[in-house]
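Undergrad: compute the structure for the input listed below.
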Amino acid sequence: MAITVFKFGGASVRDAASVKNVLTLLQKQRFEKLVLIISAMGKTTNALEQLFYAFVEGKNITSFYEQVYSFHFQIISKLFDKTKDEKLYTSLDALFSSLLEKLHQPYDGQFNKWYDQIVHYGELFSSLILYHYLLKQGLNVAFLSALDCIYTDNAFREGNVQWEKTCEAIRHFVLPAFELHDIVISQGFIGQSESGDPITLGREGSDYTAAIFAYALDADSLTIWKDVPGVMNADPKHIPQAVPIPHLSFKETVELAYYGASVIHPKTLKPLQNKKIPLYVRSFIDPSLPGTRIDEHPDEIYLPFYIIKSNQVLMSFFPKDFSFVDESNLSAIFDVLARHHVKIRLMENTALSFSICFDYDPFKLDFILKELSLKFTIKYNHPLELITVRHYQPEMTLEHLIKNRKIYLEQKTRVTWHILVKEV
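TA: Below you'll find the model as predicted:
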């Protein structure tokens with residue numbers, strides 16, 4: 001049995017027209033058995049985060065909740081007839097009622113756990129809608145909850161996969177489903193913790209989910225459908241001359257993901273590389289394009305890759321007694337960063353300071369300040385932009401990207417150049 005895995009991100013199901021496009025795309029693709037992994041629609045995860053923050057801060061949640069509710073019901077109103085497709089309306093209403101019920105429970109201070117309790121609904125909404133639409137259009141599709149398949153520890157917001165249990169569950173549910181159906185649809189980003197609660201796998205974790213399914217099922221390939229013609233050497237919004245790269249190695253793609261390239265989630269590559277499953281990044285806007293193939297491709301000379309990450313924080317730690325920043329100080333810092341799932345994009349240390357650059361999150365920032373300000377003097381700058389160039393050329397200049405902005409930190413290695421800047 002030849003199994004293919006497709007992953008569709010939020011942009012590919014952001015509205016009714018996009019949902020129809022997924023159907024058209026599937027009808028034109030060749031596959032024997034297909035697993036579909038679906039992200040939340042459009043910017044739903046962001047909207048659910050705002051709902052969650054309002055809940056945690058004790059604000060009135062009504063407008064935040066209604067925004068998410070109306071967004072999804074406006075989409076289905078353009079795809080379904082309420083009188084004929086009552087089952088979908090009833091099922092979606094039940095999901096929203098479940099979310100509202102959670103929001104009326106008292107907040108007990110377990111920030112990460114409650115985040116997952118609320119934010120995981122986005123993928124359930126989108127996959128339910130797409131499942132019913134494909135079914136209505138005559139596709140032979142089965143629905144599967146990732147909460148029954150992806151098992152992790154209790155590291156909420158960054159669940160660590162329990163591989164043996166997860167692979168066993170995926171095979172247990174998917175393989176029998178393929179005896180009766182051609183397509184199995186499930187959700188990205190979400191799973192079940194050891195305690196039996198919903199958990200997420202880290203922001204943008206749907207790519208990772210798709211790789212987990214591909215690994216468990218020994219899939220022939222995984223395709224991630226994006227709004228770009230493949231992996232490009234820059235974001236066209238920043239550099240109009242950006243071009244797609246036809247072929248990349250797993251190793252090079254891991255490096256790009258680590259520094260913030262938004263095309264692939266960093267954890268996606270390892271399970272694929274372990275089983276030598278090729279990854280394709282293709283355009284749902286123009287599926288006729290070949291896209292990018294990522295596999296055991298040998299390293300070669302690449303074009304320079306430009307990665308630009310906005311909304312960054314530069315935080316510096318200074319011992320209060322002017323002692324050196326030694327291993328014990330670094331251990332204390334990294335312990336807090338690890339517990340709050342802070343991903344360091346850049347770091348630098350001197351005798352009397354240690355600096356890190358990471359994605360801005362107001363709650364994570366607050367946790368760090370509270371837990372480390374007794375031991376360290378802490379200074380930070382925000383918002384900053386991190387410009388990373390992989391495979392830079394010695395004669396290159398980045399003046400066209402810096403544009404007279406203030407440079408806060410600059411580093412160069414043999415192949416990578418980082419500049420952290422802020423608007424003057």
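
Undergrad: centroid-nearest residue for the chain?
TA: Glu204 (0.8 Å; C-alpha atoms, centre = their mean).

Undergrad: you'd agree that residue is up against His265?
TA: Yes - using C-beta atoms under 8 Å, Glu204 is in contact with His265, at 5.1 Å. Glycine gets a C-beta too; all of them are placed from N, C-alpha and C.

Undergrad: helices along this structure, start to end?
TA: Along the chain, counting by DSSP state H, helices occupy 16-28, 44-56, 62-77, 86-103, 111-119, 121-136, 163-177, 206-216, 250-258, 269-274, 327-339, 362-372, 399-402.

Undergrad: just the buried positions in the second one, please.
TA: Of the residues in helix 44-56, those buried by neighbour count under the rule 16 or more other C-beta atoms under 10 Å are Thr44, Thr45, Ala47, Leu48, Glu49, Gln50, Leu51, Phe52, Tyr53, Ala54, Phe55.

Undergrad: run through the stretch 1-150 of the chain and note the low-pLDDT ranges.
TA: Scanning the stretch 1-150 of the chain for pLDDT under 70 picks out no residues.

Undergrad: go on, the stretch 301-424 of the chain?
TA: Scanning the stretch 301-424 of the chain with the threshold set as pLDDT under 70 gives 301.

Undergrad: show me where it has strands.
TA: Taking DSSP state E, counting those that start in this stretch, the strands of the stretch 301-424 of the chain run over residues 305-319, 344-349, 354-359, 376-390, 406-412, 416-422.

Undergrad: per-residue pLDDT, Ala155?
TA: On pLDDT, Ala155 comes in at 93.

Undergrad: check the one 4 residues further on too.
TA: Gly159 is assigned 94 on the pLDDT scale.

Undergrad: residue contacts, it?
TA: For Gly159, the contacting residues are Ile150, Thr152, Asp153, Gly191, Ser193, Ile199, Thr200, Leu201, Gly202, by C-beta atoms under 8 Å, 6 or more residues apart in numbering.

Undergrad: so what's the residue nearest to the last one when sequence neighbours are not counted up against?
TA: Spelled out, it's Gly202. In space, and not counting its chain neighbours, Gly202 is closest to Glu158: 5.0 Å by C-beta to C-beta, 6 or more residues apart in numbering. Residues near Glu158 by C-beta under 8 Å, 6+ apart: Thr200, Leu201, Gly202, His341.

Undergrad: now Phe52
TA: Phe52 makes contact with Trp114, Tyr115, Ile118, Val119 under the criterion C-beta under 8 Å, 6+ apart.

Undergrad: any chance of the strands of the stretch 301-424 of the chain in TSV, with mean neighbour count and distance to Lys102 too?
TA: Converted to TSV, those look like this (neighbours: other C-beta atoms under 10 Å; distance: least, C-beta to C-beta, whole Å):
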stretch	mean neighbour count	distance to Lys102
strand 305-319	20	28
strand 344-349	16	32
strand 354-359	20	26
strand 376-390	18	31
strand 406-412	14	41
strand 416-422	20	39
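
Undergrad: would you turn the ones you listed into TSV with distance to Leu337?
TA: Converted to TSV, the strands of the stretch 301-424 of the chain look like this (distance: least, C-beta to C-beta, whole Å):
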stretch	distance to Leu337
strand 305-319	10
strand 344-349	7
strand 354-359	8
strand 376-390	13
strand 406-412	18
strand 416-422	18
